[in-house]
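can't give you the sequence, but here's the structure:
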């Protein structure tokens, strides 16, 4: 809710979809990185963070819905408000402007498998201002804290589509009909 007391702008995505990511061989190995950039009207000092962490910003809010049902895809036992709070990281070696990212693990999603291959998810992110009333542990954030700090949040970002895919397999056949077929997994 950008207003008189808050000039925090949402993160900026280059596209309305993120590149598909490969489902890991177990639910613990499946994670997705979402890259974005800051608005030119924001600086890192505008964002909330714990003094004791090495992250660039904490309290980055993430909303993920299944496109099939439009219900939250987040694990509601872990995130009872339907909003995931996470930290923001920076990748200096990335050539494009979108050097900031968050990571979403399969364990952050509802169900035992996390991401469902082939299913689309809708993601939005918003920032939390350094002017928040308190900095509780991420696991202790409740709906009352969110309501008390609404004026300290940016607007939600544009919607970005996510899709998880199975490990690709490539079959190559020889150049004549008598040669055997070989299968390779891309990694």
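That came through, no problem. Everything numeric in this text was worked out from a predicted model, so none of it was measured.

In this model residue 120 seems to touch residue 164, though I could be wrong.
No: using C-beta atoms under 8 Å, residue 164 is not in contact with residue 120; the gap is 9.3 Å. Just so you know, the C-beta spots here come from the backbone N, C-alpha and C atoms, and that holds for glycine as well.

And the pLDDT at the closest residue to residue 31 other than its chain neighbours?
Setting aside the residues directly before and after it, residue 31 is nearest to residue 105 in space (C-beta to C-beta, 6 or more residues apart in numbering), at 4.6 Å. Reading off the confidence values, residue 105 has pLDDT 89.

Count the residues that sit near residue 41.
10 (other C-beta atoms under 10 Å).

In this structure it contacts residue 6, no?
No: using C-beta under 8 Å, residue 41 is not in contact with residue 6, being 11.8 Å away.

top strand in this protein by residue count?
strand 57-66 (DSSP state E).

in it, what counts as buried?
57-66 (16 or more other C-beta atoms under 10 Å).

do stretch 43-51 as well
Under 16+ other C-beta under 10 Å, the buried positions of stretch 43-51 are 46-49.

Can you report how many residues lie near the residue nearest to residue 158 when sequence neighbours are not counted?
Once flanking residues are discounted, residue 158 sits nearest to residue 13: 6.0 Å by C-beta to C-beta, 6+ apart. Using other C-beta under 10 Å, residue 13 has 20 neighbouring residues.
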